[in-house]
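Enquirer: Structure of the sequence below:
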Amino acid sequence: MELLLQQIANGLSLGMAYALVALGLTLVFGVLHVVNFAHGEFYMLGALVTVLVVKSLGLPYIVALLIAIVLVSAVAWVMDIVAVSPVARKPGGDQIVLVSTYAAGLIIVETVLAAIGPTPIAVSGFSGIVHFGSVVLTMHRVFMFAAGIVMICGLYMLFTRTNFGRSLRAVAQSDYAAKVVGIDVERIKTLTFVLAGGIAGLAGGLIAPIITFNATMGLHAGIHAFVVVVIGSMGSIPGAVVCGLSLGMIESVLSIFLGQHVAATLIYSLLLVTLFVRPQGLFQGALR
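Expert: Numbers count the residues shown, from 1 in each chain. Here you go, the predicted structure:
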């Protein structure tokens, strides 16, 4: 029982990373109505920037985390200008974006491999441990979970209490109706893409001290995020959060009995089951 509780606690921190990456992916789909195949690379870049800032510049981890959010958001803005917005406006653009973002993701990965190499790089986060009865967690896992909660609550306030949030939800419902009432749809879409990139960068920076950085870590995160948003419903923020946390716990617990690879296989099987039984997902989409 103690081992089970320990794995559930570990799974919550891992699931928070999945939830944050999935949040960005579901935002892009809900507002731009496209799938960003390079979203996992934003996560990888967040981890990379955090590692480099701490290792090379010697700055505190929390400062590195903030820098990672800013720089990855900037990369997302450039990608939107180059590979998303111009393509999405063309006939069949939502399908072409799949290819353009996939190509952009490959470019990012190969550039990082050429510059940094394939060698994994470790970085330290917050030190210390915290006891919750028989469950022991590192201080960094606790910080990671708390930071994720703060980000989720902040996004909720942004979407429900600000003009930007109301405009974002309007664009998610209907581009045409949003334009009729005077909303700059293209600007909202660009800001949404940048916001999604920043959230993924935060997730990468948070996870870097827990799983060692490597240039291909974005592939694993991107696949898991895709599983999360499909099961939770494409465009559903509650679905991304709940399913992200749940999948993290399920994967962590199953790995005790079945091993990591078998546990991952069963997680992917849940995707197929969801598509057969409830293809629209478990929650309501369209950023509700």
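
Enquirer: How about residues contacting the worst-scoring helix or strand of the chain on mean pLDDT?
Expert: Least confident helix or strand, the chain: helix 260-277 with a mean of 78, by mean pLDDT, DSSP states H and E. Here helix 260-277 makes contact (C-beta atoms under 8 Å, 6 or more residues apart in numbering) with 223-224, 227, 230-231, 247, 250-251, 254-255, 258, 281-282. (Each C-beta comes from the backbone N, C-alpha and C, glycine too.)

Enquirer: Which of those residues ranks first by neighbour count?
Expert: residue 231 (27 neighbours; other C-beta atoms under 10 Å).

Enquirer: which regions of the stretch 1-150 of the chain lie under the pLDDT threshold?
Expert: Counting by pLDDT under 70, the stretch 1-150 of the chain shows low-confidence ranges at 1.

Enquirer: Quick check: what element follows the lengthiest helix in the chain along the chain?
Expert: Assignment by DSSP state H gives helix 2-32 as the longest helix of the chain. Going down the chain from helix 2-32, the next helix or strand is helix 39-52, by DSSP states H and E.

Enquirer: For residue 177, which non-adjacent residue is spatially closest?
Expert: Once flanking residues are discounted, residue 177 sits nearest to residue 170: 6.9 Å by C-beta to C-beta, 6 or more residues apart in numbering.

Enquirer: What residues of the host helix or strand of that neighbour count as buried?
Expert: Per DSSP H and E: residue 170 is located in helix 163-173. For helix 163-173, the neighbour count (16 or more other C-beta atoms under 10 Å) marks 165, 167-172 as buried.

Enquirer: Could you tell me how far it lies from the centre of the chain?
Expert: Taking C-alpha atoms, centre = their mean, to the nearest Å, the mean C-alpha location of helix 163-173 is offset from the chain mean by 20 Å.

Enquirer: So which elements touch it?
Expert: Secondary-structure packing of helix 163-173 (3 or more C-beta pairs under 8 Å, 6 or more residues apart in numbering; DSSP states H and E): helix 2-32, helix 139-161, helix 175-180, helix 185-207.

Enquirer: and the nearest residue to residue 81 once chain neighbours are set aside, how many neighbours does it have?
Expert: Among residues not flanking residue 81 along the chain, residue 190 sits closest, at 8.0 Å (C-beta to C-beta, 6+ apart). Close neighbours of residue 190, defined as other C-beta under 10 Å, add up to 18.

Enquirer: how close does residue 190 get to residue 124?
Expert: As judged by C-beta to C-beta, to the nearest Å, residue 190 and residue 124 stand 35 Å apart.

Enquirer: repeat for residue 84
Expert: 35 Å.

Enquirer: Same drill for the two, tell me which one is more crowded.
Expert: Comparing residue 84 with residue 124 by other C-beta under 10 Å, the one with more neighbours is residue 84, at 25 against 11.

Enquirer: okay but that one is in contact with residue 100, surely?
Expert: Yes - here residue 84 lies in contact with residue 100, judged by C-beta atoms under 8 Å, at a distance of 7.0 Å.

Enquirer: what do the two both touch?
Expert: Counting by C-beta under 8 Å, 6+ apart, residue 84 and residue 100 have no common neighbour.

Enquirer: CA atoms only for the helix holding residue 170, dumped as PDB, please.
Expert: The C-alpha trace of helix 163-173 is given here as PDB (Å, rounded to 0.1, in the frame of the first residue of the first chain):
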ATOM      1  CA  ASN A 163     -11.200  40.700 -22.500                       C
ATOM      2  CA  PHE A 164      -8.500  38.500 -24.100                       C
ATOM      3  CA  GLY A 165     -10.100  35.400 -22.600                       C
ATOM      4  CA  ARG A 166     -13.500  36.300 -23.700                       C
ATOM      5  CA  SER A 167     -12.200  37.000 -27.200                       C
ATOM      6  CA  LEU A 168     -10.300  33.700 -27.200                       C
ATOM      7  CA  ARG A 169     -13.400  31.800 -26.400                       C
ATOM      8  CA  ALA A 170     -15.400  33.700 -29.000                       C
ATOM      9  CA  VAL A 171     -12.900  32.800 -31.700                       C
ATOM     10  CA  ALA A 172     -13.000  29.200 -30.500                       C
ATOM     11  CA  GLN A 173     -16.700  29.100 -31.000                       C
END
